[in-house]
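**Q** Sequence first, predicted coordinates after that:
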Amino acid sequence: MQEFILKYTDLLNPGKNFMTQPIIQVNQLTAMYGDTVILKNICFSVNRGEIFIILGGSGCGKSTLLKHLIGLYSPASGEIRIHGDDLVQAKGIARKALIKSFGVMYQTGALFGSMTLLENVCLPLEEFTQIPREGIQQIGRMKLNLVGLSGYEQYRPSEISGGMQKRAAIARAMALDPDILFLDEPSAGLDPITSAELDHLIVRLSNDLNMTFVIVTHELASIETISDRVIMLDKRKKGIVAEGHPSELKKQSDIPWVRQFFNREIHEIST
């Protein structure tokens, strides 16, 4: 059984050889709702092992961009390359393989309330692998242990705290050993201490597993604590207005609005 699990892990981590090239590349992406352009000609890349943050003001297109990156929406134009393969053009088996290479944690956690935490984490394994039930259960326990939830396997989501639900959702997103985790507002609804604990978990997983994180958030405390690099979207520009490390942008950005965002400064309103 252990040999089977190790073989499964190797298959779901192909190569591990992306150190010299981006693991995600977005080229000239334009996103639209109907006739309305939300984002225009977006270009950026994410390197293996980075904690990469997408941020910006309300309505700037953060969630829209995330939904394109995970394949829920198709862009009006442009390409999204994951491991060098174009997610937009991929079809059938090739598309399924790309989608299996990343995990997603939604803002609400999206755990199934009628299932235990272990059953929630095991669900992707049951759907996408041929591993025997005993092996699936063992892997599920391993994932829960990675996020500090060993001993909570038989609890249901309603029986644990919001922070623990977020951890369980991360464990489920990790079930297929993805190279990339996409997190949508992971700290939303959490108190400062629980949010800091979640930040610590993200950094630990990134360091220990060389996992790449792409995170949508506007929580400045988290951004400054965990990020290697950020891009800032702007609703007026319909695109990226700043890119870099938060500490640099906070002090040195050429755009006043960017400095105001990081320094929590109120815009002066003319009368």
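**A** The structure has been received and is ready for your questions. Numbers count the residues shown, from 1 in each chain.

**Q** Centre of the chain to stretch 166-185, how far?
**A** Computed by C-alpha atoms, centre = their mean, to the nearest Å, the chain-centroid distance of stretch 166-185 equals 7 Å.

**Q** Likewise for stretch 120-136?
**A** 22 Å.

**Q** send the alpha carbons of it over as PDB?
**A** This file holds the C-alpha atoms of stretch 120-136, laid out as PDB (Å, rounded to 0.1, in the frame of the first residue of the first chain):
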ATOM      1  CA  ASN A 120     -14.300  16.000   2.000                       C
ATOM      2  CA  VAL A 121     -10.600  15.700   1.500                       C
ATOM      3  CA  CYS A 122     -10.900  12.200   0.000                       C
ATOM      4  CA  LEU A 123     -13.500  13.300  -2.500                       C
ATOM      5  CA  PRO A 124     -11.000  14.400  -5.300                       C
ATOM      6  CA  LEU A 125      -9.100  11.200  -4.800                       C
ATOM      7  CA  GLU A 126     -12.200   9.100  -5.200                       C
ATOM      8  CA  GLU A 127     -13.200  11.000  -8.300                       C
ATOM      9  CA  PHE A 128      -9.800  11.300 -10.100                       C
ATOM     10  CA  THR A 129      -7.700   8.300  -9.100                       C
ATOM     11  CA  GLN A 130      -8.000   4.500  -8.900                       C
ATOM     12  CA  ILE A 131      -6.400   4.200  -5.500                       C
ATOM     13  CA  PRO A 132      -7.900   1.600  -3.200                       C
ATOM     14  CA  ARG A 133     -10.100   2.900  -0.400                       C
ATOM     15  CA  GLU A 134      -7.500   2.200   2.200                       C
ATOM     16  CA  GLY A 135      -4.900   4.200   0.400                       C
ATOM     17  CA  ILE A 136      -7.400   7.100  -0.200                       C
END
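
**Q** Mean confidence (pLDDT) on that stretch, please.
**A** Confidence for stretch 120-136, expressed as mean pLDDT, is 93.

**Q** for it, which positions count as buried?
**A** Buried residues in stretch 120-136, counted by 16 or more other C-beta atoms under 10 Å: 120-125, 129, 131, 135-136. Where C-beta positions appear, they are placed from N, C-alpha and C, glycine not excepted.

**Q** Tell me where the stretch 101-250 of the chain has helices.
**A** In the stretch 101-250 of the chain, the helices defined using DSSP state H, counting those that start in this stretch lie at 117-128, 133-146, 162-173, 192-209, 220-226, 246-252.

**Q** Would you agree Met232 is in contact with Gly56?
**A** Yes: between Met232 and Gly56 there is a contact at 5.2 Å, judged by C-beta atoms under 8 Å.
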